[in-house]
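[1] Any chance you could fold what I've pasted below:
(chains A and B)
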Amino acid sequence: MKVRIRTVLKSAGSLQAGLDAIRDDSDLHAAGLTSHATVNLMLALEEAFDVEFPDRLLRRKTFSSIDAIAEALAEIGVRDEAA
Amino acid sequence: MTPWLAAARAVGVEIAGRHADDVDARGRFPAEALSALKERALLGLLVPASEGGPGAGIADVVVICHELGRHCASTAMIYAMHQIQVACLVRHAGGNPWLRAFIRRLASEQLLLASATSEAGVGGDVRSSVCALDERRGRFALTKQAPVISYAEPCDAILVTARRTPQSPPSDQMLAVVLRADADLQAREVWNTLGMRGTCSNGYRLAAEGEIAQILQVPYADISAQTMLPTSHLVWSALWLGIAGEALSRARAFVRAEAKRKPGVPPIGAARLAEAMGELQSMKGELLACLRQYEAAAGSGDALSALPFALAMNNLKILSSQKVVSIVGQAMLICGLEGYRSDSPFSIGRLLRDAHSAVVMVNNDRIVANNAGLALALRDDPELLA
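    Numbering: from 1, shown residues only, chains lettered A, B, ... in the order given. The predicted structure is shown next:
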């Protein structure tokens, strides 16, 4: 799942630095993820994983790292294919 | 009425209102009103009891901004901007001993706080910074080209946004407390505007140094979302409501005088007055609903960071800023030439000029653009009382 998250992040995250420098627990906001880009990222994740984030997950923390995104996706029923 | 509101009303009636025209005409700092607010200990209201303050809540500040807005919009705006900074400090200082000591000083010495969030080169986006905190040996230095810093000269400290490090992206911002005595301010643009002339929001090149402990440890993104944006929109809307209310008071006095002059003949402006009062009621309703929403969310960082909450607070700003212009315009029409004159007791000119600042101060178009992003993300919430 995290590999797919990275793919989405690459196209929708508008990050300055390359994704290689970003660990799964790196702070994406510190890496330059703006609030505008967060919305784009959310829409791209919904499209890629065919889910909808409920309002309670629509906050900055949900998109603060690849780990946090994976956790949120798991919470709304996305199964980790690696598991 | 709380003793705080009573004190603010006395300052408004006896001091701020009396000097308002002079402050406006000369574009000067309302020094008399700010000294009076200081003397009555109204600057440190939000400081909790544990730090030596009265521990008042945002509602207390909101009612004071509304009251001051009736008498001198510049005084009200300065008071509002100061309290936004205090709210950020009080909520996000954490256990940092330097900041805690500063908050205690704020209450005991009634310090006045200013803000330097806007910057040249970021296209008006306060969530982006060019300048950065340069850390060396436990101290930081920063230099910021600030197109506006309101009341920078008479303030005691300035809260400044900057990138976390010189390597950080523009959106990775922190907030630092810069003491006025440690700030080198080189004047750039002079604040010569249509209204809100007393806020003295001049442009400066700000250079400052300080201890690392003067930097709030919470990312500015969280401070902005949880405290700065919602409290800004609440206190601003309150003072705009004050301006609108004052304009309608003048309009009502005018209509009443007409009615007395020609008994039995309904004054021409009476229907328009009634209509404008309906608009004022809806403006007040929106403010109070958002105030309650903020108070309900205040206990939880998550609730304050939620997108529907941000959308609601942004909408409060947009709606209130539009309504104040509309209501004051109605008051002008009701008073006719007496409202248009600058030397009549029914004069609306200053109120109208001050009101127009509401739509351009943090431009509504920018907020609408942010809301457009939020609107894409949000789901429908069909429950009325949720």
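[2] near chain B, which residues of chain A?
    Neighbours of chain B within chain A, by Cβ under 8 Å from any Cβ of the partner chain: A:15-17, A:29-36, A:39, A:42-43, A:52-56, A:58-61. The C-beta positions use only the backbone N, C-alpha and C, and glycine is treated the same way.
[3] Which residues of the stretch 151-300 of chain B lie near chain A?
    Going by Cβ under 8 Å from any Cβ, the residues of the stretch 151-300 of chain B near chain A are B:Arg164, B:Ser168, B:Pro169, B:Pro170, B:Ser171, B:Asp172, B:Pro219, B:Ala221, B:Asp222, B:Ala225.
[4] Show me the strands in the chain, by range?
    No chain was given, so I picked chain A. Counting by DSSP state E, chain A has no strands at all.
[5] not quite, I wanted chain B
    B:113-116, B:134-136, B:139-149, B:157-163, B:173-179, B:183-187, B:202-211.
[6] out of these, nearest to B:Lys284?
    Evaluated with Cβ to Cβ, those place strand B:113-116 nearest to B:Lys284, the distance being 26.8 Å.
[7] That closest one pairs with which strands?
    strand B:157-163 (parallel) (DSSP bridges).
[8] now the strand it pairs with and strand B:183-187, what's the angle there?
    90 degrees (axes from the mean of the first three to the mean of the last three Cα atoms, to 10 degrees).
[9] Can you tell me how far the closest residue to B:Val47 other than its chain neighbours is from chain A?
    Leaving aside its sequence neighbours, B:Val47 sits nearest to B:Gly53 (Cβ to Cβ, 6 or more residues apart in numbering or on different chains; 2.4 Å). In this view, B:Gly53 and chain A are 30 Å apart by Cβ to the nearest Cβ, to the nearest Å.
[10] Tell me which residue of chain A lies closest to chain B.
    Minimum separation of chain A from chain B (Cβ to the nearest Cβ) falls at A:Gly32, amounting to 3.1 Å.
[11] Emit the PyMOL select command for whichever of the residues of chain A next to chain B are buried.
    A single PyMOL command is used to select the members of these judged buried by 16 or more other Cβ atoms under 10 Å in any protein chain shown:
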select buried, chain A and resi 15+29+30+31+32+33+34+35+36+39+42+43+53+58+59+60
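[12] Among the residues of chain A next to chain B, which are located in helices?
    Among the residues of chain A next to chain B, the ones falling in helices (DSSP state H) are A:Ser35, A:His36, A:Val39, A:Met42, A:Leu43.
[13] Can you pull out the low-pLDDT segments for chain B?
    B:381-382, B:386 (pLDDT under 70).
[14] Show me where it has its helices.
    All helices of chain B, identified by DSSP H, fall at B:3-11, B:17-26, B:31-39, B:58-71, B:73-92, B:97-109, B:220-223, B:229-261, B:270-297, B:301-305, B:307-335, B:337-340, B:349-360, B:364-377.
[15] Just say which of these is most tucked in.
    Of all the helices of chain B, helix B:73-92 carries the top mean neighbour count, a mean of 26, counting by mean count of other Cβ atoms under 10 Å in any protein chain shown.
[16] can you give me the angle that one makes with helix B:229-261?
    150 degrees.
[17] what inclination does helix B:73-92 have with respect to helix B:97-109?
    Here helix B:73-92 points in a direction 140 degrees away from that of helix B:97-109 (the same axes, to 10 degrees).
[18] Return the angle between stretch directions for helix B:73-92 and helix B:349-360.
    Using the same axes, to 10 degrees: helix B:73-92 against helix B:349-360 is 40 degrees.
[19] List every C-alpha atom in helix B:73-92, with coordinates, as CSV.
    The C-alpha atoms that make up helix B:73-92 are tabulated as CSV, following Å, rounded to 0.1, in the frame of the first residue of the first chain:
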residue,chain,number,x,y,z
ALA,B,73,-12.8,51.1,14.4
SER,B,74,-9.0,51.6,14.4
THR,B,75,-8.8,51.1,18.2
ALA,B,76,-11.1,48.1,17.9
MET,B,77,-8.9,46.6,15.2
ILE,B,78,-5.7,47.1,17.1
TYR,B,79,-7.2,45.6,20.2
ALA,B,80,-8.5,42.6,18.1
MET,B,81,-5.1,42.0,16.4
HIS,B,82,-3.4,42.1,19.8
GLN,B,83,-5.8,39.6,21.2
ILE,B,84,-5.3,37.2,18.3
GLN,B,85,-1.6,37.1,19.1
VAL,B,86,-2.3,36.6,22.8
ALA,B,87,-4.7,33.8,22.0
CYS,B,88,-2.0,32.1,19.9
LEU,B,89,0.6,32.4,22.6
VAL,B,90,-1.6,31.3,25.4
ARG,B,91,-2.8,28.2,23.5
HIS,B,92,0.4,27.1,21.9
